[in-house]
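Trainee: all I have is the shape, not the residue letters:
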């Protein structure tokens with residue numbers, strides 16, 4: 001008997017605001033990962049996590065924003081849905097990620113899980129730090145360019161994935 005293909009669902013919340021320096025464009029709130037065992041030392045979306053059983057992706061996004069940033073989202077704008085693979089053949093390597101932008105929230109964003117994140121900073125989306133989680137960097141850069149489609153993929157083309165990792169190194 002063949003088992004069905006399975007994916008791990010996750011929700012990402014990118015808090016966005018106008019650039020504070022008055023330049024055109026937006027800033028995104030990113031956290032520096034640490035102590036998680038996944039991409040530690042890289043910058044990532046301010047809030048992200050797996051969708052739990054019985055929870056909608058919108059509920060997961062709101063929960064993650066509360067848990068990781070201490071804010072209540074007032075709006076969530078779909079940015080893209082990403083189908084990605086780690087190409088390892090394991091179920092844990094197969095993902096569907098929903099990315100949401102949020103421009104209105106209640107509360108002051110602050111690290112809520114200091115054991116999982118070492119810093120929290122606003123970064124211009126067109127001038128990201130050199131070490132961003134690769135698939136998240138791909139979404140943020142496409143958003144900054146205005147080329148982000150409603151559905152994206154990541155990791156299926158080995159050359160594209162290698163180029164993305166190289167681009168993140170600066």
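Mentor: Arrived safely. The structure displayed is predicted, hence computed values, not measured ones. Numbering: from 1, shown residues only.
Trainee: chain neighbours aside, what residue packs nearest to the one residue sitting closest to the centre of the chain?
Mentor: Nearest to the mean C-alpha position of the chain, counting by CA atoms, centre = their mean, stands residue 45 at 4.1 Å. Sequence neighbours aside, residue 12 is the residue nearest to residue 45 in space, at 4.6 Å (criterion: CB to CB, 6 or more residues apart in numbering). Where C-beta positions appear, they are placed from N, C-alpha and C, glycine not excepted.
Trainee: mind listing the residues bridging to residue 121?
Mentor: Note on residue 121: beta-bridge partners by DSSP bridges are residue 30.
Trainee: tally of neighbours for it?
Mentor: If you count neighbours by other CB atoms under 10 Å, residue 121 ends up with 13.
Trainee: I figured it was touching residue 27, is that so?
Mentor: No: contact criterion CB atoms under 8 Å: residue 121 and residue 27 do not qualify, at 9.1 Å.
Trainee: which elements pack onto whichever strand or helix holds the residue nearest to residue 45?
Mentor: Using DSSP states H and E, residue 12 maps to strand 8-18. With contacts taken as 3 or more CB pairs under 8 Å, 6 or more residues apart in numbering; DSSP states H and E, strand 8-18 sits against strand 26-33, strand 43-45, strand 47-50, helix 57-69, strand 94-102, helix 134-145.
Trainee: would you mark the buried spots in that strand?
Mentor: In terms of neighbour count (16 or more other CB atoms under 10 Å), strand 8-18 has its buried residues at 9, 10, 11, 12, 13, 14, 15, 16.
Trainee: quick one on the thing from earlier: can you say which of the helices and strands packed on strand 8-18 is packed in most?
Mentor: strand 43-45 (a mean of 24; mean count of other CB atoms under 10 Å).
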